[in-house]
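1. Provided below are the primary sequence and the corresponding predicted coordinates.
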Amino acid sequence: MDKIIIEARVNELAARDENPNVPFLPSEIIRDAKACYDEGASIIHYHGRTATGEAEHDAAFYLQTNAGIRAQCPILVHPTLGYVANDADAMGRFAAVEEMMKRPETAPDFAPMDIGSVNVDWWDPENNTYTTTNLVYENSTETLMHFADRIKHHQLKQYLVSWNISFTRQIEAFMKMGVITEPAIVLLCMTDGTSLAGHPGTPEGLDAHTTFLPKDRNVLWSAMNYKGNLLLLTEKVIKAGGHISIGLGDYPYLELGGTPTNADIIAKVVEQARALGREPATVEETREILQMGTPRIAA
């Protein structure tokens, strides 16, 4: 079977109340990047965080983190644009990437594009009520086209995210327009627990995603479960030829015993993939599978 690309989603906006191993600071993210790489991950995705866990958008955070990761290992770097925590305009949301592209040691390998908009209010399943009522993750078509243009300019890989079928339909439209390059990597976002914004993290939720991927386009897909246990679906994903994006940023994974690290979770996925006949793709193999070029450093 084809090799499997494993991405470590190390922190997102996760708190430390359930698992204290969620990395916040650059040194912690750098440590986890190396540990996850050693266990078989070829991509790391992370968010800038303060020492107390708030979102951090200062480009200096990303410059320090990317340079530190590069000094430790060759894992492919996939930073965030800030998710709903960054409500700047398109240029403002992409500003940190523009700064990252000024030096080879700070340049990432991917930049993300969540191809649509969605309500992301927090659901309280115990009391059957919302704890927020005005959080919208807004990605207008104009904004996304700006991101796509800048990502192409810098010769990075577009990392596409689909929260539901409407996102996937827009991905297909962007492909027809030539806005998205192929082969495309699409992260199928499932959500559970306190997040209802994506497809549920069930076999049916995953099937709903994959059913609508463009059949006549060169598309690879990975699966994640925000606020839910993706390990309940990893066997299905592995057997279906998908790839896996997983980590403490999405879920604490206390089912593994104690408080596991991101590296522990990656090791579990690698073990399962190998048992099912799929070896983890190395960094170079991942680059080949996704046909990634060399990032263009700003003059």
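-> Here it is on my side, so go on. Numbering: from 1, shown residues only.
2. all contacts plus neighbour counts: C-alpha atoms, from now on.
-> Will do.
3. Whichever strand or helix holds residue 188 - contacts with which helices or strands?
-> Here residue 188 sits within strand 184-191, counting by DSSP states H and E. When contacts are defined as 3 or more C-alpha pairs under 8 Å, 6 or more residues apart in numbering; DSSP states H and E, strand 184-191 sits against strand 157-162, helix 203-211, strand 219-226.
4. tell me the angle of that strand relative to strand 219-226?
-> In terms of direction (axes from the mean of the first three to the mean of the last three C-alpha atoms, to 10 degrees), strand 184-191 departs from strand 219-226 by 20 degrees.
5. Would you reformat the helices and strands packed on strand 184-191 as CSV and include distance to residue 3 and mean pLDDT?
-> Converted to CSV, those look like this (distance: least, C-alpha to C-alpha, whole Å; pLDDT from 0 to 100):
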stretch, distance to residue 3, mean pLDDT
strand 157-162, 19, 98
helix 203-211, 19, 98
strand 219-226, 12, 98
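6. These into JSON lines, with extra columns for mean neighbour count?
-> Conversion of the helices and strands packed on strand 184-191 to JSON lines gives the following (neighbours: other C-alpha atoms under 10 Å):
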{"stretch": "strand 157-162", "mean neighbour count": "24"}
{"stretch": "helix 203-211", "mean neighbour count": "16"}
{"stretch": "strand 219-226", "mean neighbour count": "23"}
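7. To residue 4, which of these lies closest?
-> Taking C-alpha to C-alpha, strand 219-226 is the member of the helices and strands packed on strand 184-191 nearest to residue 4, at 9.3 Å.
8. Mind giving me the packing neighbours of the closest one?
-> Packed next to strand 219-226, using 3+ C-alpha pairs under 8 Å, 6+ apart, are strand 184-191, strand 243-246.
9. got the buried residues for the next helix or strand after it?
-> Heading C-terminal from strand 219-226, the first helix or strand you meet, by DSSP H and E, is helix 234-239. Residues of helix 234-239 classed as buried: 234-235, 237-238 (neighbour count, 16 or more other C-alpha atoms under 10 Å).
10. again with stretch 47-59
-> 47-49, 53, 55-57, 59.
11. And stretch 104-119, by the same measure?
-> Using 16+ other C-alpha under 10 Å as the burial criterion, the residues of stretch 104-119 that qualify are 105-119.
12. Keep only those of those that are in strands.
-> 110-114, 118-119 (DSSP state E).
13. Tabulate those residues in JSON lines, adding columns for distance to residue 270.
-> As requested, those are exported to JSON lines (distance: C-alpha to C-alpha, whole Å):
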{"residue": "110", "distance to residue 270": "22"}
{"residue": "111", "distance to residue 270": "25"}
{"residue": "112", "distance to residue 270": "24"}
{"residue": "113", "distance to residue 270": "27"}
{"residue": "114", "distance to residue 270": "27"}
{"residue": "118", "distance to residue 270": "32"}
{"residue": "119", "distance to residue 270": "33"}
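14. pLDDT and distance to residue 262 for those residues - can I get that in JSON lines?
-> Conversion of those to JSON lines gives the following (pLDDT from 0 to 100; distance: C-alpha to C-alpha, whole Å):
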{"residue": "110", "pLDDT": "98", "distance to residue 262": "20"}
{"residue": "111", "pLDDT": "97", "distance to residue 262": "21"}
{"residue": "112", "pLDDT": "97", "distance to residue 262": "21"}
{"residue": "113", "pLDDT": "97", "distance to residue 262": "24"}
{"residue": "114", "pLDDT": "97", "distance to residue 262": "24"}
{"residue": "118", "pLDDT": "97", "distance to residue 262": "28"}
{"residue": "119", "pLDDT": "97", "distance to residue 262": "28"}
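15. quick check, nearest of the buried residues of stretch 47-59 to residue 248?
-> residue 47 (12.0 Å).
16. Now do the same contact list for that closest one.
-> Taking C-alpha atoms under 8 Å, 6 or more residues apart in numbering, we find residue 47 in contact with 11-13, 55-56, 79-80, 82.
17. host element of residue 264?
-> helix 262-275.
18. That helix packs against which elements?
-> Taking 3+ C-alpha pairs under 8 Å, 6+ apart as the contact cut, helix 262-275 packs with strand 6-9, helix 26-39, helix 234-239.
19. wait, which of those is closest to residue 138?
-> With respect to residue 138, and counting by C-alpha to C-alpha, the nearest of the helices and strands packed on helix 262-275 is strand 6-9 at 21.5 Å.
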